[in-house]
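**Student:** would you be able to build a 3D model of this:
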Amino acid sequence: MDIEVESTEQYGIDSYKALFEEIMSDIGKAALIDKAKLVLDPHRPLFIFSIRLRSEPASKKIGDVANIRSEGNNVHITTTDERYAPDILSQLWKVYGRGAVVQQTRFDMDVKGAKGDVISSMIIASGEESMKEIVGSLWRTMPEGIKNRHTYIDGPVVTVVATEEILLKDMLEDGLKVHKEMRGVV
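**Tutor:** Numbers count the residues shown, from 1 in each chain. Below you'll find the model as predicted:
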């Protein structure tokens, strides 16, 4: 993840860069981010946090994150992306019941009375939910006491403009300028 920090307070740039990276890693979002730009102006006060994701969040199906093999009326699933293992198990229990799902290991499970194509197309995470989590993670990286926020979202770019005071037109314009820069429009 490439992180660029602009600030009117030179001493905080390295600290905030490290803090942002640590928080995003802790909540599991760092791998999704291609580039981040943080603009810190505590004297206005204005904070603009913009990220460009490696790809736009999309709905995930079980077939996207697991290998599926049908054997008669049973389906064997091997999860290939560990992050989705709990979501797969939860969705299978919801649809087929706990009695029909046998979890052999954390990543391997069998489902009795199922069809592979049906399981493959089951949605385990929506793109909208992922985007809400990403916006929430950006809010968590902002300083305490932020009361007013505005969020711009276009494809893989998310920008949050925030202040402790009233959000003024020039603040929103500055945020939109950073947002367009991250999109490659400027």
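**Student:** show me which residues of the helix or strand containing Asp34 are buried.
**Tutor:** Of the helices and strands defined by DSSP states H and E, Asp34 is found in strand 33-41. Of the residues in strand 33-41, those buried by neighbour count under the rule 16 or more other Cβ atoms under 10 Å are Ile33, Lys35, Ala36, Lys37, Leu38, Val39, Leu40, Asp41. (C-beta placed from N, C-alpha, C; glycine too.)
**Student:** same question, stretch 90-110
**Tutor:** Across stretch 90-110, burial judged by 16+ other Cβ under 10 Å covers Gln91, Leu92, Tyr96, Val101, Gln103, Phe107, Met109, Asp110.
**Student:** what sits against the residue positioned nearest the centre of the chain?
**Tutor:** For the chain, the residue nearest the mean C-alpha position is Ile134 (3.7 Å; Cα atoms, centre = their mean). Neighbour list for Ile134: Lys29, Leu32, Ile51, Leu53, Pro57, Val158 [criterion: Cβ atoms under 8 Å, 6 or more residues apart in numbering].
**Student:** with Ile62 instead?
**Tutor:** Ile68, Ile77, Tyr84, Ile88, Gln91, Ile119, Ser120, Ser121, Met122, Ile124.
**Student:** hey, C-alpha coordinates of the helix or strand of the chain with the lowest mean pLDDT in CSV?
**Tutor:** When the helices and strands of the chain are scored by mean pLDDT, DSSP states H and E, helix 127-141 comes last with a mean of 86. Listed next in CSV are the C-alpha coordinates belonging to helix 127-141 (Å, rounded to 0.1, in the frame of the first residue of the first chain):
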residue,chain,number,x,y,z
GLY,A,127,-20.1,-5.6,-2.6
GLU,A,128,-22.3,-3.0,-0.7
GLU,A,129,-21.4,-4.6,2.6
SER,A,130,-17.7,-4.5,1.7
MET,A,131,-17.9,-0.9,0.8
LYS,A,132,-19.6,0.0,4.1
GLU,A,133,-16.8,-1.8,6.0
ILE,A,134,-14.2,0.1,4.0
VAL,A,135,-15.9,3.5,4.7
GLY,A,136,-16.2,2.5,8.4
SER,A,137,-12.5,1.6,8.5
LEU,A,138,-11.6,5.0,7.1
TRP,A,139,-13.7,6.7,9.8
ARG,A,140,-11.8,4.6,12.5
THR,A,141,-8.4,6.0,11.3
